[in-house]
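Engineer: Give me a 3D structure for the following:
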Amino acid sequence: MFFNDGWWYLDPEAAVRAAIALDNLAADGSVPPMISVFVDPGTIDVDGAVTPLAYRWLRAAPT
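Structural biologist: Coordinates of the predicted model:
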C-alpha cells in the first residue's frame with residue numbers, strides 16, 4: 001500500500017493513524033501481510049525559500 005503525505009498518515013496524534021490501523025487489521029487477519037510505503041513530499045529552493053514541490057509550477061507562471 002502506498003501513502004502520499006506519509007507523516008500525516010503515520011502521526012500517532014492525527015486523525016488517520018494508518019500504521020496502527022494496518023497493524024490491527026493484519027493481526028486480526030482482515031488483511032494479508034503487506035508492505036506499506038509512506039512518502040512525504042519533497043521541497044525545492046525557489047529564490048532562497050524552501051517551497052513544497054506541489055507549488056513548483058508557480059516558478060513558470062508569468063508575473
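
Engineer: can you tell me the helix or strand for residue 22?
Structural biologist: Using DSSP states H and E, residue 22 maps to helix 18-28.

Engineer: Which secondary structure elements does that helix sit against?
Structural biologist: Applying 3 or more Cβ pairs under 8 Å, 6 or more residues apart in numbering; DSSP states H and E, we find helix 18-28 packed against helix 6-10. For the C-beta atoms, the positions are set from N, CA and C on the backbone; glycine is no exception.

Engineer: Quick check: buried residues in the helix it packs on?
Structural biologist: For helix 6-10, the neighbour count (16 or more other Cβ atoms under 10 Å) marks 6, 9, 10 as buried.

Engineer: Pick the one among these closest to residue 35.
Structural biologist: Nearest to residue 35 among the buried residues of helix 6-10, counting by Cβ to Cβ, is residue 6 at 13.6 Å.

Engineer: wait, doesn't the closest one sit right on residue 38?
Structural biologist: Yes: with contact defined as Cβ atoms under 8 Å, residue 6 reaches residue 38; the gap is 3.1 Å.

Engineer: Much appreciated, bye for now.
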